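Colleague: Okay, here's the prediction I keep looking at, along with the sequence it came from:
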Amino acid sequence: MTVGGDVAPTRPARVGIVGCGDVTGLYLPGCARFPVIELAACADLDMERAAALSAKGGFPALTVDALLADPSIEILLNLTPPTAHAAISRAAIAAGKHVYSEKPLSIALDDARTILAEATTAGLRVGGAPDTFLGGGLQTARAVLDAGEIGEPTGANAAVLHLGPERWHPNPGIFYGRGGGPLLDVGPYFVSALVVLLGPITDVVAVARGAGGERTIATGPRAGQTFPVTAPTSVIAAYVFASGAIGGLMASFDVAASTSPHLEIHGTAGSLELGDPNRFDGPVRRHRVDGSAWEDVPLRFDGTVGRGIGLADMIEGIRHDRPHRASGAFALHVLEILLATETAAATGRTVRIQSTCERPAPLDA
């Protein structure tokens, strides 16, 4: 698969992973699908964890300093916890490497802006997860919208509703502290999808609850232990888009079960119902104003791609001198929206978004 639709073969890039936690279980098989990605080494502050990933991936385990100093490694794949994203990305840029970071780009807006500024000065690329919007589900919805099949988009409704990760994760505290909660943990998938489909957001209002409580770990060696919650566990936000459309997001770790659609887009001539933006596949269903039932929309291409497609697209962008889709500017805009949602909920004020971005170009099927 040629991610960007380029005809010429693309020279692979040697990629070093920093951060060898659970998310690597998604990146290893995902990156293996793309010949432009050569996973060359891994590093972690916990060398036992790095050694385990090394054995699984078939590449050497290095210290973080050694990986950064290796001139053969062109791109750093930053899979560290969110609180370490900014420091590791900046260190990679200082070492002359492009960066692709797991979400969010940083937990502080000023740090994210610094990352992009330093990369621009150094002539380097920054990319950021999520890249699920490059899967068949959201790309199909984008094509339906761009073709005008539901008319002018007027509104959206997104919801991620479930109980928290303490049910399955042995160390869930990171999901409930600074840079966590449902908003910063899973919210990036939903806000990214909204921006891809409807364009940049200009204003945010929100309410939230749940910070200041405790949760109990349900699995692993610490099962039964409690830990503090400092991030809101339920957030409801309203967004105003530059296009004039309006939308809503509800993100919660307090919901036992939900049958609501994960994402709806409404327009003057119909509506779209989508699956989970945390996935790469569908379904996509359309209901026209003059119709009597929902219709399944065939996916433009299958959804079997996985984590790594955004990195592969960035490599092709570097090689062929074109913009990449999961860009730093896009990740910065999504981050500002998420942090503004927290601020709006905490202050009760409408927050104006300062950044903007282009909608990422559709993916060539």
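Modeller: Yep, that arrived.
Colleague: Just grab the bridge partners of residue 157 for me.
Modeller: residue 248, residue 264 (DSSP bridges).
Colleague: Now for it: which residues touch it?
Modeller: 247, 248, 261, 263, 264, 266 (C-beta atoms under 8 Å, 6 or more residues apart in numbering). From N, CA and C alone the C-beta is placed, and that goes for glycine too.
Colleague: rerun that using 7 Å as the cut-off
Modeller: Contacts for residue 157 (C-beta atoms under 7 Å, 6 or more residues apart in numbering) come out as 247, 248, 264.
Colleague: sec struct for residue 76, please.
Modeller: Using DSSP: H, G, I helix; E, B strand; the rest coil, the structure places residue 76 in strand.
Colleague: so what's it bridging to?
Modeller: Applying DSSP bridges, one finds that residue 76 bridges with residue 16, residue 99.
Colleague: so what's it scoring on pLDDT?
Modeller: The model reports residue 76 with a pLDDT of 98.
Colleague: Please apply the same query to residue 246.
Modeller: 98.
Colleague: Kindly report the same for residue 2.
Modeller: 49.
Colleague: repeat for the one 3 residues further on
Modeller: The confidence metric pLDDT takes the value 48 at residue 5.
Colleague: Ignoring the adjacent residues along the chain, who's closest to the one residue sitting closest to the centre of the chain?
Modeller: Nearest to the mean C-alpha position of the chain, by C-alpha atoms, centre = their mean, lies residue 130 at 2.1 Å. Excluding its sequence neighbours, the residue lying closest to residue 130 (C-beta to C-beta, 6 or more residues apart in numbering) is residue 189, at 5.0 Å.
Colleague: Identify the residues contacting that neighbour.
Modeller: Contacts of residue 189 by C-beta under 7 Å, 6+ apart are 130, 132, 277, 278.
Colleague: In three-state terms, how would the last one be classified?
Modeller: What it means is residue 278. coil.
Colleague: sorry, back to before: check which helix or strand the residue nearest to residue 130 maps to.
Modeller: Taking DSSP states H and E as the criterion, the element that holds residue 189 is helix 187-198.
Colleague: after that helix, next one along is what?
Modeller: strand 201-209.
Colleague: Buried residues of that next one, list them for me.
Modeller: 201, 202, 203, 204, 205, 206, 208 (16 or more other C-beta atoms under 10 Å).
Colleague: mind checking pLDDT for the second one?
Modeller: In other words, residue 202. The predicted local confidence for residue 202 is 98.
Colleague: in stretch 283-296, what counts as buried?
Modeller: 284, 285, 286, 287, 288.
Colleague: The third one against residue 274, yeah?
Modeller: No - proximity of residue 286 to residue 274 does not meet the contact threshold set by C-beta atoms under 7 Å, at 10.2 Å.
Colleague: Identify the contacts common to the two.
Modeller: With C-beta under 7 Å, 6+ apart, residue 286 and residue 274 have no common neighbours.
Colleague: mind listing the strands for the stretch 151-300 of the chain?
Modeller: Using DSSP state E, counting those that start in this stretch, the strands of the stretch 151-300 of the chain run over residues 153-161, 201-209, 214-216, 226-228, 234-241, 246-252, 263-267, 270-274, 284-288, 295-296.
Colleague: With distance to residue 178 added, can I get the ones you listed in CSV?
Modeller: Output for the strands of the stretch 151-300 of the chain, formatted as CSV (distance: least, C-beta to C-beta, whole Å):
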stretch, distance to residue 178
strand 153-161, 20
strand 201-209, 15
strand 214-216, 16
strand 226-228, 12
strand 234-241, 15
strand 246-252, 16
strand 263-267, 27
strand 270-274, 30
strand 284-288, 35
strand 295-296, 41
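Colleague: Residue 118 is nearest to which of those?
Modeller: Closest to residue 118 of these, according to C-beta to C-beta: strand 201-209, at 25.5 Å.
Colleague: For that closest one, which helices and strands make contact with it?
Modeller: strand 234-241, helix 328-347, strand 351-352 (3 or more C-beta pairs under 7 Å, 6 or more residues apart in numbering; DSSP states H and E).
Colleague: Of all those, which one comes closest to residue 176?
Modeller: Nearest of those (C-beta to C-beta): strand 234-241, 12.5 Å.
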